[in-house]
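*Asks:* no sequence for this one, just the structure:
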Ligand SMILES: O=C(O)CCCC[C@@H]1SC[C@@H]2NC(=O)N[C@@H]21
Ligand code: NA
């Protein structure tokens, strides 16, 4: 680290950072001392199912917008150009499908944990495997989210690394443990505002210090950082419209469709309509977050055109360079570096607190409560708080491990989601869209999906085949035009040895992991289901299958549909006493007759739902 490049904080910066932590603690304390004072798991884990769509939607964004995106996306744009921005196209279907497929199914089953669905549709074993897979994914991802801001700060400002990790971890654990989901959602709202403000400040100051918008635009175009629409169908090409726009849809479905942290927010909404509306409201805010990160990367490129300060930082990671850029821009403006640090830690805190809370929820609901049905509410709530605390400490331990996983934090996060989130998405799709799938098929599918995912993922890390050559730094721009053209032609003419066989398998773009693993689970799951005797219509728990065929073939006349798609209509919202009770004898889930209470909700989305295509008996 070249000492002249070390950036230091003014007192004002530390003050702003401290205010952020204090405000988050304050919100946590408020929710610990108000309302039901977090005395029941319904309140602690589900916010009393009383939330409105605005806070839920801001919390939905905050959950998967951490320091990884704040740092990783600008670094991505700086190095590879704006191709990554096409992931915004995946947000359309990536949010529309959760709003009209996953939310109606999951909301009407009145679940606390998403994985209860797996027991209702398949079996307890499938539920446990789904829960453990989710815990594994979230613990690793949480480690990455804690470590990223601390590591980046330390690289540039000498900011005490483990001090920052501990401060973040402890504050987060405390307000999550005290205030439950209500505190997590309201701190998410506050932290999302801080996150946007911090990024905006850096962009405004950055443009102004680089000579204005037109100057930035000129430099960015000359450095060919504005990527054209790349329609290359090669699945080993890291970022193209297909890997981002289509592969990204499966990534979004795994996060905003079936991930416990997000489903818990949908379920905390007071009505299904509010839940669907909150999902719609995520779209503009997510596009704004993506735009801010991408523009920040472009401004950073325009600012450092001609020189590449990352080698002076003593670390080759472009992620650390983003912090250097920010400190360089805001250095002379006391308070603004503190605002950006607050932005970075807001992004981290809002993700980590959501992870803690969802981990505590699934551990309680899926792993503990089923074995201790007589546990009192007070003990269950106390245990939930102890779990949040222990997960907090575990994530500090995970922090370092994720740092070893690779160079770009964004790439590591997207790989984790693809490798683990993809198979979980496949499990839910198998359950919701294929009535014939049975528990054996589900377990085999999940196992195959995870095995294949880790084979590809680990293989790509080991053979380093996922890192692609970055675009030439714009130093070439300073040469005369024809020289530049000559260099580019020479570069492009080099026939890159197309990897073959296993090497090609390892070079599959990580943006396809979600889709690839999802289809593997579905394919294997269906094959094993048919080999071991497919599920029968009457054995299906009502409301756990989405009439996909019925929807896709909605243009067919009724009598044809009746023959073709042996599907049951979507379930109605089960009132509290209707919820599935653990039946001692049959050790299965016993369902009372479905009530018709929430007819208006069903009518809104599935007018044909109350005229069942195939009359089915509920197991009473
Ligand atoms: O920021 C993180 O912690 C995770 C990296 C981004 C995760 C995905 S990318 C597509 C979607 N849009 C987001 O803002 N987050 C998710
Ligand atoms: Na966040």
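*Replies:* Cool, got the structure. These figures come from a predicted structure and were not determined experimentally. Ligands and ions are numbered 1, 2, ... in the order given.
*Asks:* For the stretch 301-450 of the chain, which residues are neighbours of ligand 1?
*Replies:* Within the stretch 301-450 of the chain, the positions adjacent to ligand 1 are 351, 410, 413 by Cβ under 6 Å from any ligand atom. In this view, the C-beta of every residue, glycine as well, is placed from N, C-alpha and C.
*Asks:* Quick check: the first one is in a helix.
*Replies:* Just to be clear, that refers to residue 351. Yes. The assignment for residue 351, made by DSSP: H, G, I helix; E, B strand; the rest coil, places it in a helix.
*Asks:* mind checking pLDDT for it?
*Replies:* Per-residue confidence (pLDDT) for residue 351: 90.
*Asks:* cool, residue 456 as well?
*Replies:* Looking at residue 456, its pLDDT stands at 89.
*Asks:* Just give the closest residue to it, not the sequence neighbours.
*Replies:* residue 508 (5.9 Å; Cβ to Cβ, 6 or more residues apart in numbering).
*Asks:* Can you get me a residue count around that neighbour?
*Replies:* By other Cβ atoms under 10 Å, the residues close to residue 508 number 22.
*Asks:* Isn't it up against residue 237?
*Replies:* No. Between residue 508 and residue 237 there is no contact under Cβ atoms under 8 Å: 10.0 Å.
*Asks:* Quick check, residue 423 in contact with residue 130.
*Replies:* No. At 9.4 Å, residue 423 does not count as touching residue 130 under the criterion of Cβ under 8 Å.
*Asks:* Give me the common contacts of the two.
*Replies:* residue 446 (Cβ atoms under 8 Å, 6 or more residues apart in numbering).
*Asks:* So residue 542 lies in a helix, does it not?
*Replies:* No. The assignment for residue 542 is coil, going by three-state DSSP, so no helix is present there.
*Asks:* Could you measure from it over to residue 120?
*Replies:* 9 Å (Cβ to Cβ, to the nearest Å).
*Asks:* for the residue lying closest to residue 240 once chain neighbours are set aside, helix, strand, or coil?
*Replies:* Of all residues not flanking residue 240 in the chain, residue 230 sits nearest, at 4.4 Å (Cβ to Cβ, 6+ apart). Three-state assignment for residue 230 (three-state DSSP): coil.
*Asks:* Neighbours of residue 230, how many?
*Replies:* 16.
*Asks:* Give me the phi and psi angles of residue 269.
*Replies:* Main-chain torsions, residue 269, degrees, to the nearest 10: phi -70, psi 150.
*Asks:* Share the number of residues neighbouring it, please.
*Replies:* Neighbours of residue 269 (other Cβ under 10 Å): 25.
*Asks:* swap in residue 8?
*Replies:* 11.
*Asks:* In a strand, it, correct?
*Replies:* No. Under the criterion used here (three-state DSSP), residue 8 is coil, not part of a strand.
*Asks:* pLDDT score for it?
*Replies:* 72.
*Asks:* if I look at it, how far off is ligand 2?
*Replies:* Distance from residue 8 to ligand 2, counting by Cβ to the ion, to the nearest Å: 27 Å.
*Asks:* Give me the distance between that residue and residue 362.
*Replies:* Where residue 362 is concerned, residue 8 sits at a distance of 43 Å (Cβ to Cβ).
*Asks:* Then residue 239?
*Replies:* 33 Å.
*Asks:* What of residue 504?
*Replies:* Following Cβ to Cβ, the distance that separates residue 504 from residue 362 is 37 Å.
*Asks:* what's the answer for residue 244, then?
*Replies:* Applying Cβ to Cβ to residue 244 and residue 362 gives a distance of 30 Å.
*Asks:* Ligand 2 contacts on this structure?
*Replies:* By Cβ under 5 Å from the ion, the residues of the chain that approach ligand 2 are 62, 65-66, 347, 350-351.
*Asks:* And those, which is closest to ligand 1?
*Replies:* Distance to ligand 1, by Cβ to the nearest ligand atom, is smallest for residue 66 among those, at 3.3 Å.
*Asks:* What residue in the stretch 301-450 of the chain comes nearest to ligand 1?
*Replies:* For the stretch 301-450 of the chain, Cβ to the nearest ligand atom, closest residue to ligand 1: residue 413, 4.3 Å.
*Asks:* Residue 85 against residue 294, yeah?
*Replies:* Yes. Assessed by Cβ under 8 Å, residue 85 is found in contact with residue 294 at 4.9 Å.
*Asks:* Who are the packing partners of the one helix or strand residue 515 maps to?
*Replies:* Using DSSP states H and E, residue 515 sits within helix 513-531. For helix 513-531, the elements it packs on are helix 247-256, helix 422-433, helix 439-462, judged by 3 or more Cβ pairs under 8 Å, 6 or more residues apart in numbering; DSSP states H and E.
*Asks:* And the contacts of it?
*Replies:* In contact with helix 513-531 (Cβ under 8 Å, 6+ apart) are residues 246-247, 249-251, 253-254, 414-415, 417-419, 421-423, 425-427, 429-430, 434, 436-438, 440-442, 444-446, 448-450, 452-453, 456-457, 508, 535.
*Asks:* correct me, but residue 42 touches residue 35?
*Replies:* No. At 11.2 Å, residue 42 and residue 35 do not qualify as touching, with contact defined as Cβ under 8 Å.
*Asks:* between those two, what contacts are shared?
*Replies:* Joint contacts of residue 42 and residue 35 (Cβ under 8 Å, 6+ apart) are residue 48.
*Asks:* Quickly check: stretch 282-298 near ligand 1 or not.
*Replies:* Yes. Against ligand 1, stretch 282-298 shows contacts by Cβ under 6 Å from any ligand atom at 286, 289.
*Asks:* do stretch 91-102 as well
*Replies:* No. Judged by Cβ under 6 Å from any ligand atom, stretch 91-102 and ligand 1 are separated, with a smallest distance of 7.1 Å.
*Asks:* Distance across that stretch, terminal residue to terminal residue?
*Replies:* 15 Å (Cα to Cα, to the nearest Å).
*Asks:* Stretch 398-415 too?
*Replies:* End-to-end distance of stretch 398-415 (Cα to Cα): 16 Å.
*Asks:* Likewise for stretch 90-104?
*Replies:* Terminal-residue distance, stretch 90-104 (Cα to Cα): 21 Å.
*Asks:* tell me the secondary structure for residue 46?
*Replies:* Applying three-state DSSP: residue 46 is helix.
*Asks:* can you pull the contacts of it?
*Replies:* 112, 181, 264, 267-268.
*Asks:* and which of those is nearest residue 368?
*Replies:* residue 112 (12.2 Å; Cβ to Cβ).
*Asks:* Pull up the per-residue confidence for the nearest residue to that closest one once chain neighbours are set aside.
*Replies:* In this structure, residue 112 finds its nearest non-sequential neighbour in residue 365, 4.7 Å apart by Cβ to Cβ, 6+ apart. What the model reports as pLDDT for residue 365 is 87.
*Asks:* Could you do residue 406 as well?
*Replies:* 63.
*Asks:* which of the residues in stretch 274-289 are buried?
*Replies:* Under the neighbour-count criterion of 16 or more other Cβ atoms under 10 Å, stretch 274-289 has 274-279, 281-283, 285-286, 289 buried.
*Asks:* pLDDT added to the residues you listed, as CSV?
*Replies:* Output for these, formatted as CSV (pLDDT from 0 to 100):
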residue, pLDDT
274, 91
275, 92
276, 94
277, 93
278, 92
279, 93
281, 94
282, 94
283, 95
285, 92
286, 94
289, 94
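*Asks:* returning to what we had before: so for residue 244 and residue 362, which sits in the more crowded spot?
*Replies:* residue 362 (27 against 23).
*Asks:* thought the more buried one was touching residue 115?
*Replies:* Yes. Taking contacts as Cβ under 8 Å, residue 362 lies within contact range of residue 115: 6.1 Å.
*Asks:* Name the residues contacting each of those two.
*Replies:* By Cβ under 8 Å, 6+ apart, the residues touching both residue 362 and residue 115 are 131, 134, 260.
*Asks:* Identify the spatial nearest neighbour of the last one, chain neighbours not counted.
*Replies:* Using Cβ to Cβ, 6+ apart and skipping residues adjacent in sequence, the residue nearest residue 260 is residue 358, 4.4 Å away.
*Asks:* Would you agree that neighbour falls within a strand?
*Replies:* No. Under the criterion used here (three-state DSSP), residue 358 is helix, not part of a strand.
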